[in-house]
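**Q** What follows is a predicted structure for the sequence shown.
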Amino acid sequence: MITLYRRDEQVWNYREAWYDEAAGEFVVHHGALGANGKLSSEKAGAEDAEQLLESFIAQCRADGFSEAPEEAQVQLRLLYPLKGAEPSASEQRNIGAVHRDVLATLAWRGLGLLSDPVIEPHESGHASVMRLTTLHQGKAREAVKAAVRGGDVPASKIQLHLDPDRAGRPGQ
């Protein structure tokens, strides 16, 4: 998957494309950052996918889209504190549910990348940590909260913090 961005006045727009091998489709997803994007697809064989992706990139570049600038990116840490050094079966289920829900919500709104959960030391012991890299901290926070509210894991079990090592420009 390739994702490219363009800043228009006060809004980031995104375009992303990928080849869905299982469906045999070339898929394009685009929109304004933070709003549900539009999806289109066309039937394509694997041999056509590379050419379609190259054409997509060329058109995006011609329209002023590029990779997200490093200095504009912010990283948030989504934590699920654990009772022990390793997650219990119910904690693993909850972590998986939160990851799926948040990932889907972020993806539909073009809000960034979410890492797979990893266990890390935390002030209260250990936590499952997912890192979210985004161009808009406020909209990403709203999306995470909405995803958690819509799931079956209590919001009180989830913490969302700005990653001090990758703070970028907070407010964006």
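**A** Arrived safely.
**Q** Residue 153 looks like it's in a helix, true?
**A** No - under DSSP: H, G, I helix; E, B strand; the rest coil, residue 153 falls outside any helix and is assigned coil.
**Q** In this model residue 94 seems to touch it, though I could be wrong.
**A** Yes - counting by C-beta atoms under 8 Å, residue 153 touches residue 94, with 4.6 Å between them. The C-beta positions use only the backbone N, C-alpha and C, and glycine is treated the same way.
**Q** Show me the domain layout of this protein.
**A** 2-62, 70-166 (automatic domain parsing).
**Q** so where's the chain uncertain?
**A** Scanning the chain for pLDDT under 70 picks out 165-172.
**Q** can you map out the strands along it?
**A** Taking DSSP state E to define them, one finds strands in the chain at 2-8, 11-20, 25-32, 38-43, 74-82, 113-114, 118-122, 125-134, 159-162.
**Q** Work out the sheet partners of the shortest one and label each with its direction, please.
**A** If you go by DSSP bridges, strand 113-114 pairs up with strand 125-134 (antiparallel).
**Q** which of the residues in the strand it pairs with are buried?
**A** Within strand 125-134, the residues scored as buried using 16 or more other C-beta atoms under 10 Å are 126-134.
**Q** Okay, now stretch 61-71: how far is its last residue from its first?
**A** One end of stretch 61-71 to the other measures 20 Å (C-alpha to C-alpha, to the nearest Å).
**Q** longest single helix anywhere in this protein?
**A** Longest helix in the chain, counting residues (DSSP state H): helix 89-108.
**Q** which helices and strands does it pack with?
**A** Under the contact criterion of 3 or more C-beta pairs under 8 Å, 6 or more residues apart in numbering; DSSP states H and E, helix 89-108 touches strand 74-82, strand 113-114, strand 125-134, helix 137-150.
**Q** any residues touching that helix, and which ones?
**A** Applying C-beta atoms under 8 Å, 6 or more residues apart in numbering, the external contacts of helix 89-108 come out as 36-37, 78, 80, 82-83, 87, 111-114, 116-117, 128, 130, 132, 134, 140, 143-144, 146-148, 150-153, 157-158.
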